[in-house]
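Asks: My questions are about this predicted structure, shown below with the sequence.
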Amino acid sequence: MAVILPSENRNASTMIIRFLKNWTLPVAMLAGTIGYFILARVPLLAPTKPVVNGMIAFLTPFLIFAQLLLTFCKVEVHELKPKAWHGWLLLFQTASCLAVAALLICCPMDEVYREVFEGAMVCLICPTATAAAVITGKLGGSASSLTTYTLLSNLLAAVAVPLVFPLVEPHADISFFSAFLKILGKVFPLLLCPFFLAWFLRAFVPKVHQILLGFRDAAFYLWAVALAIVSGQTVRSLVNSDAPVFVEILIAVAGLITCCVQFYLGKRIGGHYHERISGGQALGQKNTVLAIWMAYTYLNPLSSVGPGSYVLWQNIINSWQLWKKRKKEEAEQAC
């Protein structure tokens with residue numbers, strides 16, 4: 001009978017920890033997916049569903065708040081100023097959304113294709129994810145530039161969506177002003193509260209601020225836990241959808257195309273201003289939870305499959321970027 005030595009146990013544990021650190025985002029998405037199917041398919045767990053749903057409703061905003069607080073502790077207030085590349089990205093979001101909207105309004109088409117284009121339109125105008133600064137910082141980009149663009153893109157969406165989307169689907173029963181406040185209300189408290197708290201701690205409680213600065217990578221792992229929750233919720237919405245699989249695949253492909261195009265253009269435009277990483281994350285990493293709400297509120301609910309699938313696409317790209325950065329660092333250390 002083979003005897004497992006303590007050193008072998010340590011080596012195995014080290015390998016597992018290294019694997020989890022290197023592949024955090026894919027593991028988080030897989031964990032969220034498996035967690036959903038276990039909760040949904042195991043009858044013994046049925047009584048726990050209300051408790052789990054309640055915990056998720058609390059955990060998701062808490063995790064986002066905590067990770068943003070840790071990220072904003074590293075951001076100087078004077079660094080938050082608009083830059084030229086911000087304007088170009090906002091212009092692309094506006095022009096691409098208007099182009100797709102004009103196509104939907106002016107060109108009669110089958111309902112299936114309308115759903116595909118509506119899914120793409122939501123993905124284009126959707127603002128930057130509130131937690132995009134976390135991944136940007138992990139990749140070596142500027143969290144302050146990204147935070148500035150996040151504020152600007154959310155303002156753009158709050159104005160453009162209530163004006164444009166009702167022209168595409170006139171049935172939406174919500175006024176411009178109420179929709180404007182609704183979008184800002186969903187995003188800005190979660191974005192601004194941790195920012196002002198980080199500023200307060202820096203100015204008035206510097207010891208606590210220094211302690212939080214010590215948790216350098218904690219924001220990334222908090223984001224991974226939030227991603228596991230979002231992945232589970234996305235899988236649940238896709239599984240429970242009544243739409244034909246073929247239509248869902250078409251809309252998901254539209255989400256993939258818009259995701260790749262936006263990451264590519266964001267990097268190209270940001271690269272001209274020496275902020276390639278920040279530009280790519282600003283345009284490519286989206287607030288998919290808000291996008292799904294916008295699709296359900298204004299458009300054909302089936303179009304929400306677009307931003308739902310975008311969760312998968314953007315985090316595959318994020319995982320690839322992190323892997324590429326890690327390989328580059330390992331190569332530099334080997335030299």
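Replies: Everything's here; your move.
Asks: all helices of this protein, in order?
Replies: Listed in chain order, the helices of the chain (DSSP state H) span 6-22, 24-41, 49-72, 84-106, 111-125, 132-139, 143-168, 176-204, 206-213, 218-239, 245-272, 276-284, 288-298, 305-334.
Asks: Mind checking these for the one nearest to residue 78?
Replies: helix 143-168 (8.9 Å; Cβ to Cβ). (Each C-beta comes from the backbone N, C-alpha and C, glycine too.)
Asks: Show me which parts of that closest one are buried, residue by residue.
Replies: Buried residues in helix 143-168, defined by neighbour count with 16 or more other Cβ atoms under 10 Å: 143-158, 160-162, 164-166, 168.
Asks: got any ranges where the stretch 51-200 of the chain has weak pLDDT?
Replies: Applying pLDDT under 70 to the stretch 51-200 of the chain flags the ranges 171-173.
Asks: change it to 50
Replies: Along the stretch 51-200 of the chain, no part satisfies pLDDT under 50.
Asks: can you redo the helices of the chain as CSV with distance to residue 78?
Replies: Shown next, in CSV, are these (distance: least, Cβ to Cβ, whole Å):
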stretch, distance to residue 78
helix 6-22, 33
helix 24-41, 32
helix 49-72, 14
helix 84-106, 16
helix 111-125, 30
helix 132-139, 17
helix 143-168, 9
helix 176-204, 11
helix 206-213, 16
helix 218-239, 22
helix 245-272, 21
helix 276-284, 17
helix 288-298, 29
helix 305-334, 28
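Asks: tell me the most buried of those helices?
Replies: helix 276-284 (a mean of 28; mean count of other Cβ atoms under 10 Å).
Asks: For it, name the packing helices and strands.
Replies: helix 84-106, helix 132-139, helix 143-168, helix 245-272 (3 or more Cβ pairs under 8 Å, 6 or more residues apart in numbering; DSSP states H and E).
Asks: and with 10 Å instead?
Replies: Judged by 3 or more Cβ pairs under 10 Å, 6 or more residues apart in numbering; DSSP states H and E, the packing partners of helix 276-284 are helix 84-106, helix 132-139, helix 143-168, helix 245-272, helix 305-334.
Asks: what's the spacing between the fourth one and its chain's center?
Replies: Going back to what we said before, that points to helix 245-272. The chain centre lies 14 Å from the centre of helix 245-272; the measure is Cα atoms, centre = their mean, to the nearest Å.
Asks: Distance check, residue 311 against residue 144.
Replies: Between residue 311 and residue 144 the computed distance is 26 Å (Cβ to Cβ, to the nearest Å).
Asks: Likewise for residue 19?
Replies: Applying Cβ to Cβ, the value for residue 19 to residue 144 is 32 Å.
Asks: Could you find the closest non-adjacent residue to residue 191?
Replies: The shortest distance from residue 191 to any non-neighbouring residue, by Cβ to Cβ, 6 or more residues apart in numbering, is to residue 130 (5.0 Å).
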